[in-house]
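Undergrad: A predicted structure for the sequence below; I have some questions about it.
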Amino acid sequence: MTSILIKNAQSVGADDTLICQDILIIDDMITAVATNIKETVDRVIDANGALVTPGLVDVHVHFREPGFAYKETVATGSKAAARGGFTTVLAMPNLDPVPDNLENFQMIKANNDANSLVHLKQYAAISTALTTEEVSDIDALAKAGAVAFTNDGKGVQTAATMLMAMKAAAKVKRPLVAHVEDNSLINGGVMNLGEKSKELQLPGMDPLGESSQLARDLVLAKASGVHYHVAHLSTKSSVELVRLAKLQGVNVTAEVSPHHLLLDETYITADNAYFKMNPPLRTPADRTAVIAGLLDGTIDMVATDHAPHSTAEKEGSFIGAAFGITGIETSFQLLYTHLVKPGIATLTQLLDWMVVKPQQAFGLHGAQAVVAGQPADLALFDIRHAHKITADEFASKGVNTPFIGATIYGQTILTMVDGQIVYEA
Ligand SMILES: NC(=O)N[C@@H](CC(=O)O)C(=O)O
Ligand SMILES: [Zn+2]
Ligand SMILES: [Zn+2]
């Protein structure tokens, strides 16, 4: 038996008030939360007024193993997750080999299970190689433990393939997660098609590539009854479509990334690939719409789309650089600093978007509140001191984020998974 007593932590109570309490953890469970717990334990940790939350959940990360271990591994990615305050993450299938059959999936899952510091669930591919019209063996992959199905990185180009996959996913009661992108509207674009692409004279991708495929999918989702989840939603038009679909009873959920909430294309002042990701940063009107969509519940959750790449792949121009930015070590902190501190959102809302909704939508197990009887998955954040993000502090192999140099509050002090400390500052 191991026992840990965390003293003087501030947990979020009713009406968003902070309550200073002690937390007793025995083995993998929270066994008591109260003021002034007196108990002989193996270790006492003085949280010194830090915020305590249930472990964060990220339904969209790229851990790159197997195939691209030079960008990230399960060991480094999960360490980065722990450093960000995350205790459960869902890993994308754009790997090599692709988890589009049982053998590949089992090999990838075994490697995840052997090397992850946090709870790690694996997505399987919708179609073979993430690009074909041949739907994967969704039934077998679900039985093997696939948390959900997605071709993230690529849109599913034909309605027939999408409908077939949705019906199969509905049968096994797993979400179908869509990276919505119609290739016929991308035109080799490296950023959003509009004023900024014109100014920088770079090829732009039409934002209708996202919303037009989303509109198709929502019709198919309604017909198939699948739980359809939209990955990294980024345009005003997409928000409007999801809002309408929810009103019509479509079983749809949606995620937005921290960068689409906090940045737009006006932040791109030079041809610097640290601002290159897919979907691209959109217009200020799109950004206003995704924030409003999150606040009114149209968008259910935040997911980082943590996409590490090597320095060589992100150097220089948008042309030729890889799409994607890292995010798992800075997301809670950036959103706390820019949404909660200024009063745009409450801490309760932020935790709803980063813990409760992801767990509910994907049927995950984990603490939804720091209370006795819950699993000891939790994080402590220092919300009182400012911190400047530097490239050398990341646990991830990727340092490709435009937020380097930003000042944030909420640095992670400690992260615990099943009662084990997996990160300590
Ligand atoms: N978001 C990105 O820009 N890149 C992701 C793929 C994806 O999420 O579509 C990647 O795998 O690097
Ligand atoms: Zn994607
Ligand atoms: Zn992604």
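TA: Looks like it came in fine. Residues are numbered from 1 along each chain as shown. Ligands and ions are numbered 1, 2, ... in the order given.
Undergrad: Kindly list the longest helix within the protein.
TA: helix 208-224 (DSSP state H).
Undergrad: for the most centrally placed residue in the chain, what are its contacts?
TA: By Cα atoms, centre = their mean, the mean C-alpha position of the chain lies nearest to residue 303, the distance being 2.4 Å. By Cβ atoms under 8 Å, 6 or more residues apart in numbering, the contact list for residue 303 reads 58, 59, 60, 231, 232, 255, 256, 257, 358. Glycine gets a C-beta too; all of them are placed from N, C-alpha and C.
Undergrad: related to what we said a few turns ago, what strands flank the helix or strand just after the longest helix of the chain, and is each parallel or antiparallel?
TA: Sequence order places strand 228-230 as the next helix or strand after helix 208-224, per DSSP states H and E. Strand 228-230 has the following strand partners under DSSP bridges: strand 176-178 (parallel), strand 252-256 (parallel).
Undergrad: now strand 228-230, how far from the centre of its chain.
TA: Offset of strand 228-230 from its chain centre (Cα atoms, centre = their mean, to the nearest Å): 13 Å.
Undergrad: And for stretch 257-275?
TA: Put simply, stretch 257-275 sits 18 Å off its chain's centre (Cα atoms, centre = their mean).
Undergrad: can you check stretch 141-160 too?
TA: 17 Å.
Undergrad: Could you do stretch 87-98 as well?
TA: Per Cα atoms, centre = their mean, the displacement of stretch 87-98 from the mean C-alpha position of its chain is 12 Å.
Undergrad: and if you look at stretch 355-371?
TA: Remark: stretch 355-371 is offset 14 Å from the chain centroid, using Cα atoms, centre = their mean.
Undergrad: how long is it end to end?
TA: End-to-end distance for stretch 355-371: 14 Å, by Cα to Cα, to the nearest Å.
Undergrad: Go through it and flag the buried ones.
TA: 355-359, 361-362, 364, 366-370 (16 or more other Cβ atoms under 10 Å).
Undergrad: Just give me the closest of those residues to residue 382.
TA: Ranked by distance to residue 382 (Cβ to Cβ), the buried residues of stretch 355-371 are led by residue 370 at 16.5 Å.
Undergrad: In three-state terms, label the closest one for me.
TA: Put simply, residue 370 is coil when judged by DSSP: H, G, I helix; E, B strand; the rest coil.
Undergrad: which stretches of the protein have low pLDDT?
TA: Under the criterion pLDDT under 70, no range of the chain is flagged.
Undergrad: what ranges do the helices span in it?
TA: Along the chain, counting by DSSP H, helices occupy 74-84, 102-115, 138-143, 159-171, 195-200, 208-224, 236-247, 258-262, 284-295, 311-314, 331-335, 347-351, 357-362.
Undergrad: now the shortest one, how far from the chain's geometric center?
TA: Counting by Cα atoms, centre = their mean, helix 311-314 is centred 22 Å from the centre of its parent chain.
Undergrad: How about that helix and ligand 1, touching?
TA: No. Helix 311-314 stays clear of ligand 1 (Cβ under 6 Å from any ligand atom), getting no nearer than 9.4 Å.
Undergrad: For residue 207, see how far away residue 238 is.
TA: Residue 238 sits at a distance of 9 Å from residue 207 (criterion: Cβ to Cβ, to the nearest Å).
Undergrad: Neighbour count: the two, which is higher?
TA: When neighbours are counted by other Cβ atoms under 10 Å, residue 238 and residue 207 differ, and residue 238 comes out ahead with 30 against 23.
Undergrad: ok, how many other residues are close to the nearest residue to residue 4 once chain neighbours are set aside?
TA: Closest residue to residue 4 apart from its sequence neighbours, by Cβ to Cβ, 6 or more residues apart in numbering: residue 25 at 4.5 Å. Counted with other Cβ under 10 Å, the neighbours of residue 25 add up to 27.
Undergrad: How about the one 5 residues further on?
TA: Applying other Cβ under 10 Å, we find 24 residues neighbouring residue 30.
Undergrad: Now do the contacts for it.
TA: By Cβ under 8 Å, 6+ apart, the contact list for residue 30 reads 23, 24, 367, 370, 371, 372, 373, 374, 375, 376, 378.
Undergrad: Which ones among those residues lie within strands?
TA: 23, 24, 378 (DSSP state E).
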